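# Following is a predicted model, sequence given first.
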Amino acid sequence: MFPQRLDAPEAYAIARALMHGFNLYYRMFNAVAANAKQRFESMDWQSQQQAQRERIELYDLQVRASIERLEGEFATSQQSMAVWQQVKLHYIGLMVDHLQPDLAETFFNSVTTKILHRTHFQNDFIFVRAAVSTEYLENPVPGAVPTYQVYYPVNLEQLEGALQTALEQLQLLGPFEDLPRDVHLLAERVREKLAGLTLRANFQIQVLSNLFYRNKGAYLVGKIITGYTELPLAIPILHGNKDQLILHAALFGEDDLHALFSFARAYFMVHMEVPSAYVSFLRSLMPRKPRAEIYNALGLAKQGKTLFYRDFLHHLRHSSDQLRIAPGIKGLVMLVFDLPSFPYVFKLIKDRIASSKDVTRAQVKAKYQLVKQHDRGGRMADTMEYSLVSFPRSRFSEELLAELQAQAPDQIEISDRDGDGQEEVIISHLYIERRLVPLNLFLMECLAEADTKPARRAAMERAILEYGNAIKDLVATNIFPGDMLWKNFGVTRGGKVVFYDYDEIEYLTDCNFRNVPEPRNEEEEMSGDIWYSVGPRDVFPETFGPFLLGHPAVRDIFMRHHADLLESDFWRAHQSRIRDGHFVDVFPYERSRFLHEGDAGLDTNTVNISANSLN
């Protein structure tokens, strides 16, 4: 359905205006990332978080601005389909020598689908597949900084010199506390990892040219290569207690990098002229991680959504199982379904929320947006938000379709839009996130075999320890989860416990943590009802126990590790810390990765408050 001629004069002007809108967006996005270096050097943590929140809003703001311009100058919603087909072809021409063509395609889709009503826009008018390759794309400008730098130590004796050169070329302002000491410790860790390997002629260290910034840390990311062996590497750089820089830890291998770039952590800020080249490099370190999640981790969430949806459509074409109601206890606010062969879940807000939940649809959406903008501390699953998502009707189980029509009829439309006899189910609003094993189901399975299988007992203890750590890490980031039931937490593939039910979360500092008052008389003591006043944000931690610790084995483990969570003093102490302006960073790695003993050299406000004992 492509036009034979490019004879509409307004088509090229529209394409150029669209590209101008995208270019403006990416310049602003990259400027925020570039300024992260200065904020890190000046230890301006509050501004770093504020910049993170503002950067998330940039995309939608620029999409709206572009739509206003296009409508004002070209009345684009009134243009014929033939003109729009020509706009797309002109836009492809503008992307040929572009450094971010993949992102530009997504921007085109975002603007176009909002201008053209879905009843008449077709795939011919958007980029369903990539039109311009990003393979081997690099900045061709002479003198431009390459995506990554390469250092050649020749042998292990020269390793420290190569590492020190790589770190010095970062040109961070402010001195290191003792860079030769830290480089020596780092080199020793590298030698341990390379022990037993024969160094080949291609022995080298590749590091991405720009640092990755998040919260109070800067991360050098790269890999060590010898022969056919590639060892992923990340080096966290922090400010020590003398306001001088230290190399804090050494992260090696795919699992450590997965933890660093986890979907449960805040997005990185990194200056990138060619983001697809950074994604390709990171994918070589983490081949199991979908490109969509890597783009998300870099703050390019719209591109992540584009790639995720392409992956999902591809999976649908090559699978035959049916969408079903997700296993676990049904929620009172969200309806959750999944495709067994696909590692994600789909969540939509019910039309009629249970009366026991004092929350509205708008409030639930605001909670999810809060999580999107907040530091997730490695404990809150990232979500992708979609509107008007179409699924083949044939892929729905009858049980799921009946549940959708009963619980969310206002959000469901079944139609044959294309007139080909293939019905679609169109859902007006969805959240999509990584599928986790619900913690309550995980514990039930462990308890069933704990007496006969020591490994299951150990897995149960680890999960309960992780549950408490998850809550404490949320506390560190000023989040009170609200509903702390086991069913609202999930277990990742690596055994991490992550929170994923956001309809009751609050800022910790907005809560009022109280002790249950002593009864004043026998009638109050014997009463089965609450006889004392309870405000809308009052929380009584000592009452958590009956809901969480009904099984003796679970209670025993929890009380050994996390009894403080049942005490109001714990919560109030951390409220005071946050109100006093202390900013606690939650490390994406465990103590076994530290280069220094314990927390030596660190400001105490940088150290995790959770146990961090899963070494």
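Okay, I see it. Numbering: from 1, shown residues only.

# Wait, Asn109 touches Phe125, no?
No. Contact between Asn109 and Phe125 fails when scored by CB atoms under 8 Å: they sit 9.1 Å apart. Placement of C-beta: from N, CA and C, glycine included.

# Show me the residue at the heart of the chain, geometrically.
Central residue of the chain (CA atoms, centre = their mean): Phe263, 3.5 Å from the mean position.

# Show the residue spans covered by the helices in the stretch 101-250 of the chain.
Under the criterion DSSP state H, counting those that start in this stretch, helices of the stretch 101-250 of the chain are mapped to 101-115, 159-168, 179-194.

# of all those, which lies closest to Leu332?
Checking the helices of the stretch 101-250 of the chain against Leu332 by CB to CB gives helix 101-115 as the closest, at 32.5 Å.

# which stretches of the chain have low pLDDT?
1-5, 117-124, 418-419, 524-525, 528, 598-615 (pLDDT under 70).

# Would you map out the domains in it?
Using automatic domain parsing, the domains assigned to the chain come out as 9-125, 148-314, 319-435, 438-582.

# and Arg591, which of those domains is closest to it?
Among those, the nearest to Arg591 by CB to CB is domain 148-314 (8.9 Å).

# Would you indicate which residues of stretch 446-460 are buried?
446, 450, 456-457, 459-460 (16 or more other CB atoms under 10 Å).

# outside of that stretch, which residues touch it?
Judged by CB atoms under 8 Å, 6 or more residues apart in numbering, the contacts made with stretch 446-460 from elsewhere in the structure are 442-443, 445, 463, 495, 551, 553-554, 557.

# so, if you compare the residues you listed, which one comes nearest to Ser592?
Nearest to Ser592 among those: Gly495, at 14.8 Å, using CB to CB.

# for the helix or strand hosting Ser284, packing partners?
With secondary structure defined by DSSP states H and E, Ser284 is part of helix 275-285. Other helices and strands packing on helix 275-285, by 3 or more CB pairs under 8 Å, 6 or more residues apart in numbering; DSSP states H and E, are helix 101-115, strand 204-208, strand 217-226, strand 229-239, helix 253-260, helix 291-297.

# show me the contacts for the nearest residue to the residue nearest to the centre of the chain once chain neighbours are set aside.
Distance criterion CB to CB, 6 or more residues apart in numbering; nearest residue to Phe263, sequence neighbours excluded, is Asp382 at 4.6 Å. With contacts defined as CB under 8 Å, 6+ apart, the neighbours of Asp382 are 263-264, 296, 372, 376, 433-434.

# Could you check how far Leu549 is from Leu566?
The spacing between Leu549 and Leu566, counted by CB to CB, to the nearest Å, is 9 Å.

# export stretch 76-85 as PDB, just CAs?
Provided in PDB are the C-alpha atoms of stretch 76-85 (Å, rounded to 0.1, in the frame of the first residue of the first chain):
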ATOM      1  CA  THR A  76      -2.500  16.500  10.300                       C
ATOM      2  CA  SER A  77      -5.500  14.700  11.700                       C
ATOM      3  CA  GLN A  78      -7.400  15.800   8.500                       C
ATOM      4  CA  GLN A  79      -4.700  14.700   6.100                       C
ATOM      5  CA  SER A  80      -5.500  11.800   3.700                       C
ATOM      6  CA  MET A  81      -4.000   8.300   4.200                       C
ATOM      7  CA  ALA A  82      -2.000   8.800   1.000                       C
ATOM      8  CA  VAL A  83      -0.300  11.800   2.600                       C
ATOM      9  CA  TRP A  84       0.500   9.800   5.700                       C
ATOM     10  CA  GLN A  85       2.100   7.000   3.700                       C
END
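
# Just the buried positions in it, please.
Buried residues in stretch 76-85, defined by neighbour count with 16+ other CB under 10 Å: 76, 79, 83-85.

# Taking helix 101-115 as reference, get the angle to the lengthiest helix in the chain.
Identified as the longest helix of the chain according to DSSP state H is helix 9-41. Going by axes from the mean of the first three to the mean of the last three CA atoms, to 10 degrees, helix 9-41 is angled at 120 degrees with respect to helix 101-115.

# Can you list the buried residues in helix 9-41?
Of the residues in helix 9-41, those with enough neighbours to count as buried (16+ other CB under 10 Å) are 11-12, 14-15, 17-19, 21-23, 25-26, 29-30, 32-33, 35-37, 39-40.

# ok, now stretch 407-426?
Using 16+ other CB under 10 Å as the burial criterion, the residues of stretch 407-426 that qualify are 407-408, 411-412, 424-426.

# what's the straight distance from one end of that stretch to the other?
15 Å (CA to CA, to the nearest Å).

# Other residues contacting it?
Residues lying outside stretch 407-426 but in contact with it, judged by CB under 8 Å, 6+ apart, are 119, 335, 348-352, 388-394, 396, 401, 404-405, 427-429.

# do that again at 7 Å, thanks
335, 348, 350-351, 388, 390-393, 396, 404-405, 427-429 (CB atoms under 7 Å, 6 or more residues apart in numbering).

# rewinding a little: go through the buried residues of stretch 446-460 and name the one nearest Ala250.
Proximity of those to Ala250 was ranked by CB to CB; the top entry is Ala459 with 27.9 Å.

# Look up phi and psi at the residue nearest to the centre of the chain.
Dihedral pair for Phe263: phi -70, psi -10, per degrees, to the nearest 10.

# Surely it is in contact with Ala381?
Yes. Counting by CB atoms under 7 Å, Phe263 does reach Ala381; the two are 6.2 Å apart.

# residues shared between the contacts of the two?
Arg434.

# where's stretch 560-571 relative to the chain centroid, distance-wise?
Here stretch 560-571 is found 28 Å from its chain centre; the criterion is CA atoms, centre = their mean, to the nearest Å.

# Check which residues of it are buried.
Neighbour counts over stretch 560-571 (16+ other CB under 10 Å) mark 561-562, 565-566, 568, 570-571 as buried.

# ditto for stretch 475-495
Of the residues in stretch 475-495, those scored as buried under the neighbour-count criterion (16+ other CB under 10 Å) are 475-484, 486, 488-492.

# those helices in the stretch 451-600 of the chain, which residues are they?
Counting by DSSP H, counting those that start in this stretch, the stretch 451-600 of the chain forms helices over residues 454-476, 522-526, 544-548, 552-562, 568-579, given from the N-terminal end onward.

# I'd like the ones you listed as a markdown table, with distance to Val150 appended.
Rendered in a markdown table, the data for the helices of the stretch 451-600 of the chain read as follows (distance: least, CB to CB, whole Å):
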| stretch | distance to Val150 |
| --- | --- |
| helix 454-476 | 36 |
| helix 522-526 | 74 |
| helix 544-548 | 52 |
| helix 552-562 | 45 |
| helix 568-579 | 43 |
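
# Quick check: which of the ones you listed is buried the most?
For these, the stretch with the most neighbours on average is helix 454-476, a mean of 21; neighbours defined as mean count of other CB atoms under 10 Å.

# now that helix, how far from the centre of its chain.
Centre to centre, stretch against its chain (CA atoms, centre = their mean), the figure for helix 454-476 is 21 Å.

# repeat for stretch 304-316
Centroid separation between stretch 304-316 and its chain, computed with CA atoms, centre = their mean, is 17 Å.

# what do you get for stretch 170-185?
In terms of CA atoms, centre = their mean, the centre of stretch 170-185 is found 30 Å from the chain centre.

# how long is it end to end?
Here stretch 170-185 reaches across 19 Å from its first residue to its last, counting by CA to CA.

# what sits up against that stretch?
Contact partners of stretch 170-185, identified using CB under 7 Å, 6+ apart, comprise 41, 160, 163-164, 167, 211, 220, 240, 242, 244-247, 595, 601.
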